[in-house]
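Asks: Sequence and computational prediction follow.
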Amino acid sequence: MAHILGISGSLRAGSYNSALLRAAQGLMPAGSTLDIGTIRGIPLYDGDVEAAEGLPPAVVTLKEAIAAADALLIVTPEYNNSMPGVFKNAIDWLTRPSSDIARVFGGRPVAIIGASPGGFGTILSQNAWLPVLRTLGMEPWFGGRLMVSRAGTVFDAQGALIDDKVRGQLEQFMAGFVAHLDR
């Protein structure tokens, strides 16, 4: 039984990536769970703030949720051909203090998916995450890939997944990731 934590890299209320994460939560294989974490409330990283006040509560909450999970699912938008700054900023906070990196990220399996209104999905953003994940000592799963393009036609106005083909792809992706974790 796998326990995965998923994080959307978007703060937008109508985010396609947050909708994709919610859809993944509903398509988990029996006996496995996908909890949803959030980057909401994490301020811009500032070493002076860290030194004076310590870690913000939103950072501590997300760090402990990652550490308690068997694996991490990154659901990433693509901004300007790369990862969103707000998402990378959250990771920067989560690696403080640096002595915590191994406990929170080291050896933890991770998978990446994403949705975009454009025609290319999130291939560049997903690729941009790989050096960061390598630096953190994570173990990316390469057994499947999911890049949802033209997301405006895949989700309805309330964020429900309405495309049966994408639903099947997402269900297959999650089943593959969970099977990998169960090995």
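Replies: Sure thing, it's come through.

Asks: now stretch 20-31: how far from the chain's centre is it?
Replies: 13 Å (Cα atoms, centre = their mean, to the nearest Å).

Asks: Pull up the distance across that stretch, start to finish.
Replies: By Cα to Cα, to the nearest Å, the extent of stretch 20-31 from end to end equals 20 Å.

Asks: model confidence over it, on average?
Replies: Averaged across stretch 20-31, pLDDT comes to 98.

Asks: Okay, buried residues for it please.
Replies: Applying a neighbour-count criterion of 16 or more other Cβ atoms under 10 Å, one finds 20, 21, 22, 23, 24, 25, 27, 28, 29 buried in stretch 20-31. Backbone N, C-alpha and C define where each C-beta goes, glycine included.

Asks: and residue 23, what is it in contact with?
Replies: Applying Cβ atoms under 8 Å, 6 or more residues apart in numbering, we find residue 23 in contact with 160, 161, 167, 170.

Asks: Could you check how far the residue nearest in space to the middle of the chain is from residue 114?
Replies: By Cα atoms, centre = their mean, the chain has its centre lying nearest to residue 74, at 1.7 Å. Distance, residue 74 to residue 114, by Cβ to Cβ, to the nearest Å: 8 Å.

Asks: shared neighbours of the two, anything?
Replies: With Cβ under 8 Å, 6+ apart, residue 74 and residue 114 have common neighbours residue 9.

Asks: So which of the contacts of residue 23 sit within helices?
Replies: Counting by DSSP state H, the part of the contacts of residue 23 found in helices is 167, 170.

Asks: Which ChimeraX command selects the buried ones in the contacts of residue 23?
Replies: The ChimeraX selection below is limited to those of those classed as buried (16+ other Cβ under 10 Å):
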select :161,170
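
Asks: Just send the contacts of residue 23 back as TSV, with pLDDT too.
Replies: TSV is the format used below for the contacts of residue 23 (pLDDT from 0 to 100):
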residue	pLDDT
160	98
161	98
167	98
170	98
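
Asks: Residue 183: which of the contacts of residue 23 is nearest?
Replies: Distance to residue 183 across the contacts of residue 23 (Cβ to Cβ) is lowest for residue 170, with 20.9 Å.

Asks: which residues does residue 146 contact?
Replies: Contacts of residue 146 by Cβ under 8 Å, 6+ apart are 113, 114, 169, 170, 173.
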